[in-house]
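K.L.:
attaching a predicted model along with its sequence, questions to come.
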Amino acid sequence: MYDFDKIVERRNTNAMNTDGFRQYIFHDDGTMTFPFKDEEFVRMWVADMEFETPEVIRNAMKDRIDKGIFGYTKVFDPEYYKAFEGWCNRRYGWTFPKEQLVTSPGIIPALYELVGYITAPDEKVLAVTPSYAYFKHAADFNGRELVCSDLINKDGYYTMDMDDLAAKAADPKTTLCIFCNPHNPTGRVWTEDELKAFGDICEKNNLWVISDEIHCDLTRKGMQHTPLGKVMPDYGRLVTCMAPSKTFNMAGLMFSNVIIRDSGLMATWKARHYDFENPISIAAAQAAYQHGEDWLNELHDYLDKNFAFTGEFLKENLPDAKYQVSEATYLAWVDLSAYFTPDEDLPMFFANEAGVLLEGGDMFVQNSDCFIRLNLACPKSVLEEGLKRIAKATLNK
Ligand SMILES: Cc1ncc(COP(=O)(O)O)c(C/N=C2\CONC2=O)c1O
């Protein structure tokens with residue numbers, strides 16, 4: 001019903017994906033040159049999708065535009081809470097009272113604020129690694145030390161090192177954990193048992209936890225996301241972050257959900273957070289949760305096929321690459337340590353030798369040497385071209 005094979009032109013739309021890669025990946029000041037024109041690159045880096053945002057969402061945005069005025073706006077209409085809470089209840093069997101829900105122009109801005117609201121200047125933030133770099137940036141921005149607990153990698157399947165987490169959580173100066181559930185970049189969907197073990201460590205050490213669940217709607221068929229709040233139903237020091245931005249390719253609309261249980265932290269948020277919102281973003285998010293399910297189900301089918309194709313391709317063309325289908329996200333995490341050494345700059349190599357833009361190596365804080373992360377949320381034809389170029393450049397190096 002939906003055309004995920006369609007190539008959508010993104011240039012001249014101020015897209016990070018097409019125009020921001022030099023600065024973000026290579027910290028370039030605009031002088032860097034490559035043996036490829038910008039339009040010749042296969043873009044598999046930043047986590048947004050090459051698929052059109054569902055028409056049902058775009059129609060809701062157009063309807064709001066037709067109302068004609070875009071003055072100061074907040075989420076006053078209870079229909080938004082009903083749509084989002086209904087989504088969580090239907091899909092995850094999890095719910096929360098309306099007074100715990102606030103919104104933020106993105107989860108990263110919320111993390112930047114919450115680290116400052118929750119931790120004192122001399123306190124530390126805990127995260128598992130490899131990690132989405134912005135977890136470290138949120139600590140850095142607030143002048144807090146990030147303490148890393150390396151995930152255990154067993155043939156491409158990652159698990160939490162509970163003994164290491166327990167030891168690091170026991171430090172009285174470590175007061176907050178930013179937890180990625182599901183996990184970017186390894187793609188893990190944490191099981192209830194893993195979440196309970198993690199939750200026990202947090203509870204024993206009275207740790208604040210921000211559970212970043214932005215990827216929760218993007219699971220492979222048969223995988224079930226469990227909100228951390230579901231296995232810690234009575235834990236007051238939990239903040240849960242979710243958003244339609246990854247799910248429906250609307251990150252540019254800057255709209256996400258923050259569920260704060262602690263009344264004291266909520267009071268601080270309400271006192272310090274600038275809570276006006278973009279009226280078109282509210283309309284889009286509400287339509288996503290009310291009417292986005294059909295499109296999402298078809299997206300799941302398409303992504304599952306892209307992950308399966310990637311596995312077959314690597315087995316045939318880069319047999320020493322280690323790869324497991326990600327249980328969630330649209331990001332493939334590929335171990336190329338059989339072909340590269342830790343000192344090699346993989347994003348630079350693949351940009352110059354393959355004309356592929358990807359993230360990898362030390363872009364994920366630590367515990368990520370020789371890995372590349374591939375965005376598979378693109379038409380199959382684009383994925384195939386990207387994989388062919390990656391394999392050719394790797395084998396010819
Ligand atoms: C775990 C996680 N949290 C938050 C965000 C961003 O939230 P926002 O501020 O957009 O609401 C991302 C986006 N991840 C990206 C974006 O580009 N590459 C990535 O890995 C993410 O992976």
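P.N.:
Structure received.
K.L.:
which parts of the stretch 1-150 of the chain are strands?
P.N.:
For the stretch 1-150 of the chain, strands defined by DSSP state E, counting those that start in this stretch occupy the ranges 42-43, 101-104, 124-129, 145-150.
K.L.:
out of the ones you listed, nearest to the ligand?
P.N.:
strand 101-104 (7.7 Å; Cβ to the nearest ligand atom). All C-beta spots, glycine's among them, are computed from the backbone N, C-alpha and C.
K.L.:
chain center to that closest one: distance?
P.N.:
From the chain centre to the centre of strand 101-104 is a distance of 18 Å (Cα atoms, centre = their mean, to the nearest Å).
K.L.:
now the longest helix out of those in the chain: average pLDDT?
P.N.:
In the chain, taking DSSP state H as the definition, the longest helix is helix 293-317. For helix 293-317, the mean pLDDT works out to 98.
K.L.:
ditto for stretch 122-136
P.N.:
For stretch 122-136, mean pLDDT rounds to 98.
K.L.:
give the contact list for Leu146.
P.N.:
Lys124, Val125, Leu126, Ala127, Phe135, Lys136, Ala139, Asp140, Val365 (Cβ atoms under 8 Å, 6 or more residues apart in numbering).
K.L.:
now the residues you listed in TSV, with distance to the ligand and neighbour count?
P.N.:
TSV is the format used below for these (distance: Cβ to the nearest ligand atom, whole Å; neighbours: other Cβ atoms under 10 Å):
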residue	distance to the ligand	neighbour count
Lys124	20	18
Val125	14	26
Leu126	15	27
Ala127	10	24
Phe135	7	28
Lys136	12	19
Ala139	14	23
Asp140	16	16
Val365	12	20
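K.L.:
just put those in CSV and tack on distance to Met266.
P.N.:
Listed next are the contacts of Leu146 as CSV, based on distance: Cβ to Cβ, whole Å:
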residue, distance to Met266
Lys124, 24
Val125, 20
Leu126, 23
Ala127, 24
Phe135, 22
Lys136, 26
Ala139, 22
Asp140, 25
Val365, 30
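K.L.:
could you look up the SS state of the nearest residue to Asp301 once chain neighbours are set aside?
P.N.:
Leaving aside its sequence neighbours, Asp301 sits nearest to Lys221 (Cβ to Cβ, 6 or more residues apart in numbering; 7.6 Å). Secondary structure assignment for Lys221 (DSSP: H, G, I helix; E, B strand; the rest coil): coil.
K.L.:
these two touch, right, Lys221 and His300?
P.N.:
Yes - the pair Lys221 / His300 is scored as a contact, 6.1 Å apart, by Cβ atoms under 8 Å.
K.L.:
so for the residue of the stretch 151-300 of the chain found nearest the ligand, what's the pLDDT?
P.N.:
Nearest residue of the stretch 151-300 of the chain to the ligand: Asn184, at 3.9 Å (Cβ to the nearest ligand atom). In this model, Asn184 is scored at 98, pLDDT.
K.L.:
contact partners for it?
P.N.:
Asn184 touches Ala47, Tyr132, His215, Thr329, Leu331, counting by Cβ under 8 Å, 6+ apart.
K.L.:
residues near the residue nearest to Asp301, how many?
P.N.:
When neighbours are defined as other Cβ atoms under 10 Å, Lys221 has 9 of them.
K.L.:
Ser381: neighbour count?
P.N.:
Ser381 has 10 nearby residues by other Cβ under 10 Å.
K.L.:
which non-adjacent residue is nearest it?
P.N.:
Spatially, and ignoring its direct neighbours in sequence, Ser381 is nearest to Asp5 (6.9 Å; Cβ to Cβ, 6+ apart).
K.L.:
for the one you found, give me phi and psi.
P.N.:
Main-chain torsions, Asp5, degrees, to the nearest 10: phi -80, psi -10.
K.L.:
was I right to think it contacts Lys380?
P.N.:
Yes - under the criterion of Cβ under 8 Å, Asp5 makes contact with Lys380 at 6.5 Å.
K.L.:
which residues in the protein form helices?
P.N.:
16-19, 21-26, 55-66, 78-92, 107-118, 133-141, 162-169, 192-204, 228-231, 263-272, 279-291, 293-317, 346-353, 380-395.
K.L.:
that older thread, going by distance to Thr341, which of the contacts of Leu146 wins?
P.N.:
Of all the contacts of Leu146, Thr341 sits closest to Val365, with 19.5 Å by Cβ to Cβ.
K.L.:
how is this structure divided into domains?
P.N.:
Following automatic domain parsing, the chain resolves into domains at 16-54+294-396, 70-291.
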